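>>> Show me the folded form of this:
(3 chains)
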Amino acid sequence: MARDLLGKVIVYDGPAGRRAARLVEVEAYLGARDPASHAYRGPTPRTAPMFGPPGRSYVYFVYGMYHCVNVVAERDGVAGAVLLRGAEPVEGVGDDPRALAGPGKLARALGLTTEQTNMDLVRSALSIREAPAVPVTRVVRTARIGLTAHATTRKPWRLYVAGSPGVSRA
DNA sequence: CGAATGATCCGA
DNA sequence: CGGATCATTCGA
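Numbering: from 1, shown residues only, chains lettered A, B, ... in the order given. Below you'll find the model as predicted:
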């Protein structure tokens, strides 16, 4: 479930050393039932990780200049992923509280690209770590942002931590 | 093959 | 609101 990711820490031990951030904004995407999902029309080379086993990464490139990072969520064979949209700096990413406020900024600050797609998030250089859960009272649910195929998908599948500067927008 | 498209961001 | 900028996808 997407909400369990809020508060957790994403850690990337890359060429530039350790970079880590606390997740404060996420969005859930499904498969054939979700027109806004990359997996809507079945698997392609790019979206293959979305159909694979859970607990792995799905990183894609968009708009010719940004990368977006997802955590694959459903069981093997079923499409589903959670887009990481915002985080707060923890280590190695500077101290601008808004440096990871937005999916493109988050990926850039952590140094993640399509090279890091389909990585095992439990036992690899890219991982998601346990951290104190975010109190229910601080979690806000809204409709997802920036979608073209919005009409059919007004589900409140965007979750964020109220008041955090790492959230992409109010 | 060519053309359209996009789960973004920034600046005016 | 428009522009930047290009991998991916789909139609012919």
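>>> Which strands or helices does the lengthiest helix in chain A pack on?
Secondary structure of chain A per DSSP state H: the longest helix is helix A:103-110. Helices and strands touching helix A:103-110, by 3 or more Cβ pairs under 8 Å, 6 or more residues apart in numbering; DSSP states H and E, are strand A:9-14, strand A:17-29, strand A:66-72, strand A:81-91. Bear in mind the C-beta positions are built from the backbone N, C-alpha and C, glycine included.
>>> go with 6 Å
Under the contact definition 3 or more Cβ pairs under 6 Å, 6 or more residues apart in numbering; DSSP states H and E, helix A:103-110 sits against strand A:66-72, strand A:81-91.
>>> Of those strands, which stretch is the most buried?
Mean neighbours per residue, mean count of other Cβ atoms under 10 Å, is largest over these for strand A:81-91, with a mean of 24.
>>> Indicate whether it makes contact with DNA strand B.
Yes - using Cβ under 7 Å from any atom of the strand, strand A:81-91 reaches DNA strand B at A:Ala81, A:Leu83, A:Arg85.
>>> in a strand, that's where A:Glu115 is, yeah?
No - counting by DSSP: H, G, I helix; E, B strand; the rest coil, A:Glu115 is located in no strand; its state is helix.
>>> Can you name the residues of chain A sitting close to DNA strand C?
Within chain A, the positions adjacent to DNA strand C are A:Arg41, A:Thr44, A:Pro45, A:Arg46, A:Thr47, A:Tyr60, A:Phe61, A:Tyr63, A:Gly64, A:Met65, A:Thr114 by Cβ under 7 Å from any atom of the strand.
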